[in-house]
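# Model the structure of this input:
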Amino acid sequence: MNAHAEAHGPPVANRSSRVDSRLLGIYFFIASEVMLFGSFFSAYFFARVAIPHDAWPPKPYELPVYLALLNTIILVSSSFTMHWALQSIKRNNRQGLIAGLAITFGLGLTFLLIQATEYTRLGFAPSDTAFGSTFYGLTGLHGAHVFIGLNLLLYALVRASRGHYGPAPHDHLGVELPGIYWHFVDVMWIVVYTTVYVL
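From the prediction side, this is the model:
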């Protein structure tokens with residue numbers, strides 16, 4: 001019996017790319033998320049153009065710009081600690097990995113709690129004009145992504161505390177993939193903050 005007769009199932013897939021399929025997967029997922037955010041930004045800008053107002057946000061609504069700026073600094077800082085965590089495991093520094101993930105999780109949770117507190121003090125609801133709908137739509141969509149990112153970070157932190165990661169490229173994908181997602185969340189918040197609170 002020859003080798004062809006003994007083989008079962010489909011042939012091994014040809015890998016024409018040097019990029020890990022899981023990395024490609026997260027990049028394609030983020031591309032789809034960019035399009036999702038793009039649709040929300042389109043609705044926001046349509047509301048600003050189609051509904052005539054002397055000022056935006058329309059009176060009597062006011063946004064806590066400086067509180068949102070503080071939140072922006074917190075979230076951007078978490079990108080640096082996430083980068084530190086990944087670089088630590090690449091250097092086989094497990095304590096640095098755990099510390100970086102824990103600090104990143106703490107900063108992300110702080111961001112989300114501040115945003116939730118902001119919601120309780122705004123004085124308007126999603127049903128209050130197109131401004132309210134688009135404001136809560138954009139910031140709420142981003143908040144949902146932060147929540148998902150926190151779950152990914154927590155899972156990575158638990159695994160890191162159990163010694164699951166190593167310095168080899170294929171041994172720390174469980175840190176790199178949540179890190180890529182987290183950086184996307186951070187960059188997207190900069191765009192949301194600039195669009196909603198500054199412009």
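# average pLDDT for the lengthiest helix in the chain?
When every helix of the chain is counted residue by residue (DSSP state H), the longest turns out to be helix 129-161. For helix 129-161, mean pLDDT rounds to 93.
# Can you show me the strands along this protein?
Along the chain, counting by DSSP state E, no stretch forms strands.
# the helices in it, which residues?
Using DSSP H, helices in the chain cover 3-6, 21-50, 65-90, 94-121, 129-161, 173-193.
# related to what we said a few turns ago, packing partners for the longest helix of the chain?
helix 21-50, helix 94-121, helix 173-193 (3 or more C-beta pairs under 8 Å, 6 or more residues apart in numbering; DSSP states H and E). Backbone N, C-alpha and C define where each C-beta goes, glycine included.
# Out of the helices of the chain, indicate the one that is most buried.
When you average the neighbours per residue for each of the helices of the chain (mean count of other C-beta atoms under 10 Å), helix 173-193 leads with a mean of 20.
# now the angle from it to helix 65-90?
Orientation check (axes from the mean of the first three to the mean of the last three C-alpha atoms, to 10 degrees): helix 173-193 against helix 65-90 gives 160 degrees.
# Run the chain-centre distance for helix 173-193.
4 Å (C-alpha atoms, centre = their mean, to the nearest Å).
# tell me the mean pLDDT for that helix?
94.
# Kindly report the same for stretch 84-91.
Stretch 84-91 comes out at a mean pLDDT of 92.
# could you dump that stretch to PDB, C-alpha only?
Extracted in PDB, the C-alpha atoms of stretch 84-91 (Å, rounded to 0.1, in the frame of the first residue of the first chain):
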ATOM      1  CA  TRP A  84       5.700  46.900  28.000                       C
ATOM      2  CA  ALA A  85       3.900  43.600  28.800                       C
ATOM      3  CA  LEU A  86       4.500  42.200  25.400                       C
ATOM      4  CA  GLN A  87       8.200  43.300  25.300                       C
ATOM      5  CA  SER A  88       8.700  41.700  28.700                       C
ATOM      6  CA  ILE A  89       7.600  38.300  27.700                       C
ATOM      7  CA  LYS A  90       9.700  38.500  24.500                       C
ATOM      8  CA  ARG A  91      12.600  39.000  26.900                       C
END
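# how far out from the middle of the chain is it?
19 Å.
# same check, this time on stretch 59-74
Stretch 59-74 sits 19 Å away from the centroid of its parent chain (C-alpha atoms, centre = their mean).
# before we move on, what about stretch 86-96?
Put simply, stretch 86-96 sits 22 Å off its chain's centre (C-alpha atoms, centre = their mean).
# coming back round to it: distance to Pro167 for the helices of the chain - can I get that in a markdown table?
Below are the helices of the chain laid out as a markdown table (distance: least, C-beta to C-beta, whole Å):
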| stretch | distance to Pro167 |
| --- | --- |
| helix 3-6 | 37 |
| helix 21-50 | 17 |
| helix 65-90 | 6 |
| helix 94-121 | 10 |
| helix 129-161 | 13 |
| helix 173-193 | 11 |
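# Trp56 is nearest to which of those helices?
Between Trp56 and the helices of the chain, the shortest separation by C-beta to C-beta is 5.7 Å, and it involves helix 21-50.
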